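Q: Turn this into a structure:
(chains A and B)
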Amino acid sequence: MPLLSGLFYSFFKSLVGKDVVVELKNDLSICGTLHSVDQYLNIKLTDISVTDPEKYPHMLSVKNCFIRGSVVRYVQLPADEVDTQLLQDAARKEALQQKQ
Amino acid sequence: MFRFQSLDEDCTLEKEEGLVEEEDEIDQFNDDTFGDGAIDDDWQEEHKRLAELEERKNEGLGGLGLGGLGMGGMGGGDASTVQLPPPASRVPHPSSLPPPHHSLSSMPPPGLEDRGGGDLAESLAMLILGADPAIASVGGPTGPGDRSTGLPPPPSMPQQHQLPPHQQLTPSGLPPGPLHPSLLSYQQHQHLLRRGGPPMQQMNSHNIWENNMGFGPVSVTPGLVTQMEDSPLMSIIKEVGLPNRPPPVMSEDGRDLSERAPPPRSSSPVIGSPPVRAVPIGTPPKQPMSHAMNHHQQIHHPTTVHVRAPVHHQHRYPPSFPERISPNTLLNMANSPLCRPPFPAGVGPVLSQIQRAQMLNSQVAGFPRGCQGPPLLPGGGGFRPFFGQPPPHRMGPHHNHVPCPIIRHNTTHLHPQHRRMLTQRMQSRGGERGGRVGDWRSRDPYSNLMTQREKEWVAKIQMMQLQSTDPYLDDYYYQNYFEKMEKRQERDRDGVRKEHTTKLITPQVAKLEHTYRPVQFAGSLGKLTVSSVNNPRKMIDTVVTSRTDDEEKREKQVWNKRRQILYTVEKMYSLLLEVQDFEKRFMQTPEEQREALLEQHKTHTLQLYASLREKEWDDRVSDEQCLLIMSVRKGKRLISRLIPFLPPLQAAAVVMGIARNLPALAKKDKQDQALCWLVEPVAVVISSLSSAALTDLLQELQGSEGQLSKVLQNKFGVTLLYLILSEGERMQSSDLNCQLMDDNRWTELVFSVTRELLNVPPSSLSPPLFTPPNLLSLFSRYVDRQRLELLQEKLQISSLSR
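A: Alright, predicted model coming up:
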C-alpha cells in the first residue's frame, strides 16, 4: 500500500511549486520547480537547469522533466518551506500507525 | 531480420496463432458472447466497408510510390502469408523507392517483392505527402536543413523496436515538410505499411504500441480489475476482452479493439515465450472512432464492448490508431486529408490518436486552414498536458492571442490554501513568460497525443491508490501544513504582507577527486552507477576514533540514559499528539461516540501530567522527572507544547517546577537556548495566575541562595522574571482589590529583585526576549528616584515604554 509511505508523499506535496534541487544516483543534479509528485515519489520538475551544465550539455534544451522516484538520491529543499515540528509530528504518527 | 521487428515478434506471433485457434474458443475471462458487452456486428461487412473506403481514398491520390518504405516492418516471408490478405497487396512496392533505412538491414525481406507497388502506394503517398499546398507550406520545426538527419542513426535502431513509434524519433527530429521519400523514416514506413494492412491485422499492433507508450508503473492485475468498478479499469477489461475478434467494427463505438491487429510477423515463433494478451494489461483506453472526426465531440460514448461485468462508462476513450506514424510526419503531411472528413457519414473515421493530435497541433500552430478542427476535448479539471502544449481551449488559426505556456497543476485535490498559493505563483510567473511563446511552442509535435480523458484516466489510476478513508491521518503533514499557513496568513493580514520568493541557494560543493572515476560513455547522461567492493561510492567521511574501555563504558552509560529519556519523551509525545488532535476528531465523530472520545481525551491528559508529577503530590511536579525531560531539547519542546493542554492548576505546577529548577535547566541549556520556547506558554499561564500563586512563583524563582543571579544570566530566566513582575504590576494597577500587597511577601520579593538587578554586573545580565512596558511603573513604586534611574539605564527600560 503506497500510503504507508505517505509521509514523504504528503511532505513533497506541500512543496509543490517550490524550487528544489534533485540529485540523482547517476550524479546528475537538476534544479527546478517541483511540479508534482506521486505516491512513488516520482518527481516532475519544470524550468529545470542542470547545476553543472558543462558536463551535461544534453540538458540545455530541456525545460521540463520527469524523474523516476527510484533514481533520486537527494532532494535539496528550501529550509523555510519546511515545518520541522509538523514533520516530526507526522513522523511520530506514522510510526504509531505502523506499530498498530 | 530487422531488429525492430522483434517488437512484433513478441506480440503478434502469438496473436497470429491465437487468431487461428481461438476463433472457436470463447475467451472465458474477457469475452462476452452475448449480452451487454458482445459485439453484434458482422465483421466481414465492416471490413468490406473499410476496404472500400481505402479504395476511394487511394484513388484520389496520385503517386509517389512509397515503395519498400514500410517493408522493413513487414519482415520476411511469413508476413506475406498471414498478415497481408488482398488489401495488403497494395502495400507499396519495395523497389519503387530507395528505402532509406534499408541501409540498416542487409536486404529487404523477400516477401516484399511480391507486393504490387500499385494503387495503395500511390494513394498513400497522396494522402501523406499530398498535393495539397497546405501541406507543402508547412515547414517542420527543424526546417529543411535537417533533411540530412532524417534517418535515425544506426545506433538508435536497436532501440526502436522497444519504443513506441513516435518515441523513436531521434533528437535531430524527423524530416519535416513535404518530403523526399528517401527521407521518410522508419515510422513513416510503418505507417504506410499499416495503412495497407487490414485492420484486423492491426488489432494488436496498437496494443503493443500503446503498451509501450511507457505505461510504466501502473499495472492492473486481472484479479484486481474484476474487483474494481471504476470505469477506467473497466475500459481495460473491455479492451482486454476483445482480442480474438478479427473483424473491424467500424460503424459503432463499440469497435474499439477492431484495429488492434498485430503487426505482421516475419519470424518463426519463439518457443516458450509467454502468451501475449491481446490487449495488455494497463493499455491506455482506446478512443472512440467517431471521436476525432466529429467536430462536436462527445466524450461519453455509451456502448461498450466485450465486457463481462456490467460496465458503467463515465468516459469513453477514443480508439487508438494502430498506425505507427510519427507525429511529426503526420503534422507535416497529413494535414490536408485530416482537415476534411475523408469518410462519408455513417462510417467512422480511421483517425489515429496521433492524427487527431496533429490536427490539434496544427490548429495551435496556426495553420492557414479554413476549417475549424475538432474542438479540443472539453476536459475536466484533470491533468492538463504537461509538456509544452498550450491549454486545450485554444483553437484554430484564428486564435491570435497566444497564452503563455502556463504550467498547470492538477489542482483538484489540493488544499485550497495550496491552490491559492500556486495560482498566485503562476500568475506572477505568467507575465515573465509571455514573451517566450514564439516558435518553439507552435510546433510541438508531441503534444495532444493523449486526450484529456486518457490523461485523467492515467491520473485516476494513480490517484485511486491514494484514496484513504482518513485523509487527516494519512496525509497528516500536508493537511496541517496548509492549515497552519492559513492561520498564519489570517494573522498577518493586518500586518505587513511579506512578499518573499523562496530561492533555493544551491550549495557549491567541491567535487572530490576520487581515485576511481566511474565509467561514462561519451554523450550519455550522467555516469553509470556501478559500484563494487573495490569502488564504493563514498557517502560519509567516517573517521576512526579509538577509545579506551573506561571511556567507552561511561559513554555508553550516558547514551543509555539519554536514550531512556528520549524514549520517555517520545511516549509522551504520542500522548500529546492524541490530545492535540482531540478537537478535530471530536468534530468528526458522531454523537454517540463523543462521550467515549471525551473520556479518552481526559485520560490522556491525565496521563500526560501523571508522567510529570510527583508520586503522591498532585500539585507538584517531580523535580527529578522534570529535570530529566528538560535536559533534552526534545523534552523542552514537549513541555512547551504540553502546557497549553493542561488544566490550569497542573499547568501552574509545571511552571513552578520550571522556576524552581531554573538554574539547573539554565546550565544545561547554555548551548541550545531552547528554553526560550517555553516563554509563550509560560506567559499564558502566568497571566492566569492568582496573586498568591504569582507570589509563590516569584519566590520559587528566587528560592535558594544565589539562584536569582543565575537566573539573571539566562535569557529565559530574565524573561520569566520580567513576566512575573509585569503581571504583578498589571494586577496592582488594574485591580483595586488586588491582594498582592496583603502580605509583605510580594514587596519583599520585589525589593530583593531590584537589589539584585542593581548589583549584578551588566555583563552577566542577559538581555530578555522582550521587555514588558510596565516594568518602569513597577519599579517606581518600590525604589527611589536615583535607583530608578540606575535601573532604567541598566535594564534599558525606556521611560517611553509605559
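Q: Where does the prediction get shaky in chain A?
A: Flagging of chain A using pLDDT under 70 yields the residue ranges A:1-5, A:52-55.
Q: Right, and chain B sits closest to which residue of it?
A: Of all residues in chain A, A:Asn26 sits closest to chain B, at 3.1 Å by C-beta to the nearest C-beta. Backbone N, C-alpha and C define where each C-beta goes, glycine included.
Q: secondary structure element for that residue?
A: Using DSSP states H and E, A:Asn26 sits within no helix or strand.
Q: Just give me the neighbour total for it.
A: 16 (other C-beta atoms under 10 Å in any protein chain shown).
Q: go on, B:Leu597?
A: When counting by other C-beta under 10 Å, one arrives at 14 neighbours for B:Leu597.
Q: What of B:Leu701?
A: 21.
Q: Provide the secondary structure category for it.
A: Secondary structure, DSSP: H, G, I helix; E, B strand; the rest coil: B:Leu701 is helix.
Q: mind checking how far it is from B:Glu454?
A: Applying C-beta to C-beta, to the nearest Å, the value for B:Leu701 to B:Glu454 is 69 Å.
Q: Over to B:Lys484?
A: 37 Å.
Q: So these two - more neighbours on which side?
A: Shown here are B:Lys484 and B:Glu454; by other C-beta under 10 Å, B:Glu454 has more neighbours (26 against 14).
Q: What strand or helix carries the more buried one?
A: helix B:452-464.
Q: same check, this time on B:Lys634
A: helix B:633-642.
Q: C-terminal to that helix, what's the next element?
A: Counting by DSSP H and E, what follows helix B:633-642 is helix B:648-660.
Q: May I see the buried residues of that following helix?
A: Buried residues in helix B:648-660, counted by 16 or more other C-beta atoms under 10 Å in any protein chain shown: B:650-660.
Q: repeat for stretch B:558-570
A: For stretch B:558-570, burial by neighbour count (16+ other C-beta under 10 Å) applies to B:565, B:568-569.
Q: So B:Ser546 versus B:Phe586, what's the distance?
A: Taking C-beta to C-beta, one finds B:Ser546 at 57 Å from B:Phe586.
Q: out of those two, which sits in the more crowded spot?
A: Taking neighbours as other C-beta under 10 Å, B:Ser546 and B:Phe586 compare with B:Phe586 leading, 13 against 6.
Q: Could you say which helix or strand holds that one?
A: Assigned by DSSP H and E, B:Phe586 falls in helix B:549-588.
Q: and the angle for the next helix or strand after that helix with helix B:633-642?
A: Sequence-wise, the next helix or strand downstream of helix B:549-588 (DSSP H and E) is helix B:591-610. Angle of helix B:591-610 versus helix B:633-642, following axes from the mean of the first three to the mean of the last three C-alpha atoms, to 10 degrees, is 130 degrees.
Q: related to what we said a few turns ago, which residues does the helix holding B:Lys634 contact?
A: For helix B:633-642, the external contacting residues (C-beta atoms under 8 Å, 6 or more residues apart in numbering or on different chains) are A:85, B:565-566, B:569, B:572-573, B:576, B:580, B:608, B:628-630, B:654, B:658, B:669, B:672, B:674-675, B:677-678, B:680-681.
Q: Buried ones among those residues?
A: Using 16+ other C-beta under 10 Å, the buried members of the contacts of helix B:633-642 are B:565, B:569, B:572-573, B:576, B:580, B:608, B:628-630, B:654, B:658, B:669, B:674-675, B:677-678, B:681.
Q: These: which ones sit near chain A?
A: B:Tyr573 (C-beta under 8 Å from any C-beta of the partner chain).
Q: To which secondary structure element is the residue nearest to the spatial centre of chain A assigned?
A: Nearest to the geometric centre of chain A sits A:Val75, at 5.1 Å (C-alpha atoms, centre = their mean). Element membership of A:Val75 [criterion: DSSP H and E] is strand A:72-76.
Q: Report all helices and strands that that strand contacts.
A: The contact analysis (3 or more C-beta pairs under 8 Å, 6 or more residues apart in numbering or on different chains; DSSP states H and E) places strand A:72-76 against strand A:19-24.
Q: Give me the contact status of the strand it packs on with chain B.
A: Yes. Interface with chain B: strand A:19-24 contributes A:19-21, A:24 (C-beta under 8 Å from any C-beta).
Q: re earlier: pretty sure the residue nearest to the centre of chain A contacts A:Leu24?
A: No. Checked against C-beta atoms under 8 Å, the pair A:Val75 and A:Leu24 is beyond contact range at 10.2 Å.
Q: Could you measure from B:Pro767 over to B:Ser780?
A: Counting by C-beta to C-beta - B:Pro767 and B:Ser780 are separated by 22 Å.
Q: Look at those two and report which has more neighbours.
A: Neighbour count, other C-beta under 10 Å: between B:Pro767 and B:Ser780, B:Ser780 has more, with 15 against 11.
Q: Over to the more buried one. Which of the three states is it?
A: helix.
Q: Low-confidence regions, chain B specifically.
A: B:1-41, B:59-413, B:430-443, B:466-471, B:494-541, B:614-619, B:672, B:736-738, B:740-741, B:797-802.
Q: Leaving out the residues flanking it, which one is nearest to B:Lys667?
A: Excluding its sequence neighbours, the residue lying closest to B:Lys667 (C-beta to C-beta, 6 or more residues apart in numbering or on different chains) is B:Lys710, at 8.0 Å.
Q: Quickly find the element holding the one you found.
A: helix B:707-713.
Q: Kindly report the same for A:Ile48.
A: Per DSSP H and E: strand A:43-50 holds A:Ile48.
Q: what about that strand and chain B, any contact?
A: Yes. Using C-beta under 8 Å from any C-beta, strand A:43-50 reaches chain B at A:44, A:46.
Q: in that strand, what's buried?
A: A:43-46, A:48-50.
Q: The residues you listed: which two are farthest apart?
A: A:Lys44 and A:Val50 (16.1 Å; C-beta to C-beta).
Q: thinking again about what came up before, can you check what angle separates the helix holding B:Lys634 from helix B:648-660?
A: Going by the same axes, to 10 degrees, helix B:633-642 makes 140 degrees with helix B:648-660.
Q: got the CA positions of helix B:633-642 in PDB?
A: Output in PDB follows, covering the C-alpha atoms of helix B:633-642 (Å, rounded to 0.1, in the frame of the first residue of the first chain):
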ATOM      1  CA  ARG B 633      16.000  19.600  23.700                       C
ATOM      2  CA  LYS B 634      13.100  17.500  22.600                       C
ATOM      3  CA  GLY B 635      11.800  17.400  26.100                       C
ATOM      4  CA  LYS B 636      11.800  21.200  26.400                       C
ATOM      5  CA  ARG B 637       9.800  21.400  23.200                       C
ATOM      6  CA  LEU B 638       7.500  18.800  24.500                       C
ATOM      7  CA  ILE B 639       6.800  20.600  27.700                       C
ATOM      8  CA  SER B 640       6.200  23.800  25.900                       C
ATOM      9  CA  ARG B 641       3.600  22.200  23.700                       C
ATOM     10  CA  LEU B 642       2.200  20.300  26.700                       C
END
